[in-house]
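In: All I have is the shape, not the residue letters:
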């Protein structure tokens, strides 16, 4: 899907943008003012192109391809700390090994979603992200020292907790398990993927 957006939809938008720019250029060379609607069309095309590129990037995080999961999480934590007042500490334990693409993507997305929730709701001072390569699998933990939330109420309300449900579904789809714990001393998100789900084909 990411490739189709990049190679298909994105290229179509670029072509449309070039056609509109060519029309504006032709009018200007003929000393005729371009209609305002063409300028608005260009703005909308640029916005749509940027949005498609953003979605394409988020569908398949380039950081994973460039750096691998441990370094990608470290970069994610560093960027999170730079963008706000909450510090993020990342720790990698055990001996890193190559993981299937879908496992790397799921763990990366869970971390992203967890950090988004911290920024929006937790009022935390610090976040700890731990990626542990164990003999029996790989474990990801995201802990904050924020105010916590009522987990049961969130799970029962269909209008809330969409991000949490997405995290559970992502981990379940790769054969893993996601546990959530929240209280007045903070929130902990623990994702575990067993070794049998880490076998690459």
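Out: Noted; the coordinates are in hand. The shown structure was predicted, so the numbers you read here are calculated from the model rather than taken from an experiment.

In: What pLDDT is listed against residue 193?
Out: Reading off the confidence values, residue 193 has pLDDT 97.

In: What is the burial count for it?
Out: Residues within reach of residue 193, counting by other CB atoms under 10 Å, total 22. All C-beta atoms are positioned from the backbone trio N, CA, C, and that covers glycine.

In: Enumerate the beta-bridge partners assigned to it.
Out: Judged by DSSP bridges, the bridge partners of residue 193 are residue 138.

In: what sits against it?
Out: Neighbouring residues of residue 193 by CB atoms under 8 Å, 6 or more residues apart in numbering: 103, 106-107, 137-139, 171, 174-176.

In: Could you identify the buried members of these?
Out: Burial by neighbour count, judged by 16 or more other CB atoms under 10 Å, picks out 103, 106-107, 137-139, 171, 174, 176 from these.

In: nearest to residue 10, of the residues you listed?
Out: Closest to residue 10 out of the buried ones among the contacts of residue 193 is residue 106 (25.0 Å), distances taken as CB to CB.

In: What is the subsequent helix or strand relative to the helix or strand containing that closest one?
Out: For residue 106, the host element (DSSP states H and E) is helix 101-117. Reading on from helix 101-117 to the C-terminus, the next helix or strand found by DSSP H and E is strand 126-134.

In: Output the contacting helices and strands for that next one.
Out: Strand 126-134 makes packing contacts with helix 69-83, strand 87-94, helix 101-117, strand 137-144 when contacts are defined by 3 or more CB pairs under 8 Å, 6 or more residues apart in numbering; DSSP states H and E.
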